[in-house]
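> all I have is the shape, not the residue letters:
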């Protein structure tokens with residue numbers, strides 16, 4: 001599952017939790033979202049301590065896309081050998 005898919009699913013499910021829909025819970029919402037990221041994305045994002053949810057989602061998505069592009073590049077290089 002990509003980060004974009006995970007973010008969409010997280011948002012769709014968070015409507016059922018009144019706690020995550022208040023402004024005061026932004027920090028906790030970010031912590032919960034970050035805790036369920038794949039380890040390679042969490043490793044890059046975790047040190048930033050981003051506590052603005054849209055920013056966290058965007059930065060996580062960028063890290064995910066970059067990681068996937070890197071993996072695809074190395075697979076393509078190895079397949080040519």
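On my side now, so go ahead. All of these numbers come straight from a predicted model, not from anything done at the bench. Numbers count the residues shown, from 1 in each chain.
> which residue is nearest the centroid of the protein?
residue 60 (3.8 Å; Cα atoms, centre = their mean).
> what sits against that one?
Contacts for residue 60 (Cβ atoms under 8 Å, 6 or more residues apart in numbering) come out as 3, 7, 33-34, 37, 41, 45. Where C-beta positions appear, they are placed from N, C-alpha and C, glycine not excepted.
> could you rerun that using 6 Å?
Contacts for residue 60 (Cβ atoms under 6 Å, 6 or more residues apart in numbering) come out as 3, 41, 45.
> does it sit in a helix or strand, and which one?
In the assignment (DSSP states H and E), residue 60 maps to helix 53-80.
> grab the nearest non-local neighbour of residue 10.
Closest residue in space to residue 10, ignoring its immediate chain neighbours: residue 33 at 5.7 Å, by Cβ to Cβ, 6 or more residues apart in numbering.
> burial check on the one you found, number of neighbours?
Residue crowding around residue 33 was assessed by other Cβ atoms under 10 Å; the count is 22.
> likewise for residue 37?
20.
> so how far is residue 18 from the nearest residue to it once chain neighbours are set aside?
Leaving aside its chain neighbours, residue 37 sits nearest to residue 60 (6.1 Å; criterion: Cβ to Cβ, 6+ apart). With the distance defined as Cβ to Cβ, to the nearest Å, residue 60 ends up 24 Å from residue 18.
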